[in-house]
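Undergrad: Sequence and predicted model, in that order:
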Amino acid sequence: MTNLTLALDVMGGDHGPHVTVPAALQALTIQPNLNLILVGDKTKIEPLLQSAEPSQLARIELVHTTEMVQMNDRPIHALRRYKQSSMRLAIEAVREGKADACVSAGNTGALMALAKVLLKTLPGVDRPALVSSLPTSKGNPSYLLDLGANVACDAEALFQFAVMGSVLFETVEKRQRPRVALLNVGNEEIKGNDNVQQAAQYLQDTPQLNYVGYIEGDEIYTGNVDVIVCDGFVGNITLKTSEGIARLLVHQLKKGLTEGFIVRFLARLIAPRIQKVLSQMNPDQYNGASLIGLRGIVVKSHGNADQEAYLQAICLAVTEAQRRLPEMIKDRLESILLDINS
């Protein structure tokens, strides 16, 4: 297996080095061909490396900076004011070929803005999109995009997301002609705003894509479609709502285990099955959203990710780097767009 190097924005997210550094060391343990560039304040990082094995330290490069993008910073400020931020330096490592991918749990808007400016988008792509796989009742994953990189999208952007999502699914899942749907407030053709309806028309006129129509929110986890497209406002709320429901179910299950005998008996009886379902919905298990449409690999972790969740984001970046995802998306995208424009 070829050696890979990832650049980690160690300072990003709600917990910073206390989560990202232990997750990085854990990744080095399970990925023997992985090297890491840790970007951040060395005075905060080095104490957390004291427990590392010499073999792990040999695969770590530390890039020191005290600048970091705050979670409430505007993207334009991240571009103009923080020339030495940990987020920017991690992305620059990808641009300069020092790293095969980068991971950050930091400000989503700033990450997209920096990545778009520094890495540039693929030909035929106007905006990158955040995409992640979701579990379904049929066992096969569905891919949802955009998850928050683009709060407002016109019909052309939604169409491009559909193309990129379809290509991503084919590349990762090794299945041709994935079923593509637009997330909408109803299944009828007359439903939805102008942008959604216009995007639907674009997709209907594109035989290279397997467009199956609209899908409503209660159908997301059925597994009946493979790629679900929406703007970032809708996608982010959808994802966060799903995570909230999963946590509510966990809470209710634990509560049931402390109540009366019959309730406790029934709760314990069904607990294993419920726990299995909830583990599939647990955001820690599918943490990491790919910022696709770029000329390099950027993975966004949840801002409040714990060590296990951040590790999942690192592993996702490793997988995408191994598959050379941008190159594969570029080739398929060019082919589809060529057929569309011919």
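TA: That came through fine.
Undergrad: Need the residues that contact stretch 55-67.
TA: The contact list for stretch 55-67, computed with Cβ atoms under 8 Å, 6 or more residues apart in numbering, reads 24-25, 28-29, 34-42, 45-46, 49, 52, 82-86, 89, 93. Glycine gets a C-beta too; all of them are placed from N, C-alpha and C.
Undergrad: Any quick ChimeraX command for the buried ones out of those residues?
TA: In ChimeraX, a selection of the buried entries from the contacts of stretch 55-67 looks like this (16 or more other Cβ atoms under 10 Å):
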select :24,25,28,34,35,36,37,38,39,40,41,42,45,49,52,82,85,86,89,93
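Undergrad: Sort out for me which of the contacts of stretch 55-67 are in strands.
TA: When DSSP state E is applied, the contacts of stretch 55-67 are split such that 34-40 fall in strands.
Undergrad: what's the most distant pair in those?
TA: Taking Cβ to Cβ as the measure, the ones in strands among the contacts of stretch 55-67 span a maximum distance of 18.1 Å, between L34 and G40.
Undergrad: if we can go back for a sec, could I get the ones in strands among the contacts of stretch 55-67 as JSON lines with pLDDT and distance to L168?
TA: Formatted as JSON lines, the ones in strands among the contacts of stretch 55-67 follow (pLDDT from 0 to 100; distance: Cβ to Cβ, whole Å):
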{"residue": "L34", "pLDDT": "96", "distance to L168": "23"}
{"residue": "N35", "pLDDT": "97", "distance to L168": "26"}
{"residue": "L36", "pLDDT": "97", "distance to L168": "25"}
{"residue": "I37", "pLDDT": "98", "distance to L168": "25"}
{"residue": "L38", "pLDDT": "98", "distance to L168": "28"}
{"residue": "V39", "pLDDT": "98", "distance to L168": "27"}
{"residue": "G40", "pLDDT": "97", "distance to L168": "30"}
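Undergrad: between those residues, which is nearest E219?
TA: Each of the ones in strands among the contacts of stretch 55-67 was scored against E219 by Cβ to Cβ, and L34 proved nearest at 37.8 Å.
Undergrad: Tell me which stretches of the protein form helices.
TA: Listed in chain order, the helices of the chain (DSSP state H) span 17-30, 42-45, 54-57, 75-80, 86-95, 108-119, 155-173, 194-204, 232-256, 261-281, 307-322, 325-341.
Undergrad: Which one, of those helices, ends up nearest to A101?
TA: With Cβ to Cβ as the criterion, A101 lies closest to helix 307-322 of the helices of the chain, at 4.2 Å.
Undergrad: Using neighbour counts, pick out the buried residues of that closest one.
TA: 307, 309-321.
Undergrad: next one: stretch 216-226
TA: Under the neighbour-count rule (16+ other Cβ under 10 Å), stretch 216-226 has 217, 219-221, 223-226 buried.
Undergrad: Same list (these) but as CSV, adding pLDDT and distance to T206.
TA: Supplementary listing: the buried residues of stretch 216-226 in CSV, determined by pLDDT from 0 to 100; distance: Cβ to Cβ, whole Å:
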residue, pLDDT, distance to T206
G217, 90, 25
E219, 93, 22
I220, 92, 23
Y221, 91, 26
G223, 91, 23
N224, 94, 20
V225, 96, 16
D226, 96, 16
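Undergrad: Dump these to a markdown table, plus distance to M112.
TA: Listed next are the buried residues of stretch 216-226 as a markdown table, based on distance: Cβ to Cβ, whole Å:
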| residue | distance to M112 |
| --- | --- |
| G217 | 24 |
| E219 | 28 |
| I220 | 23 |
| Y221 | 26 |
| G223 | 29 |
| N224 | 30 |
| V225 | 25 |
| D226 | 24 |
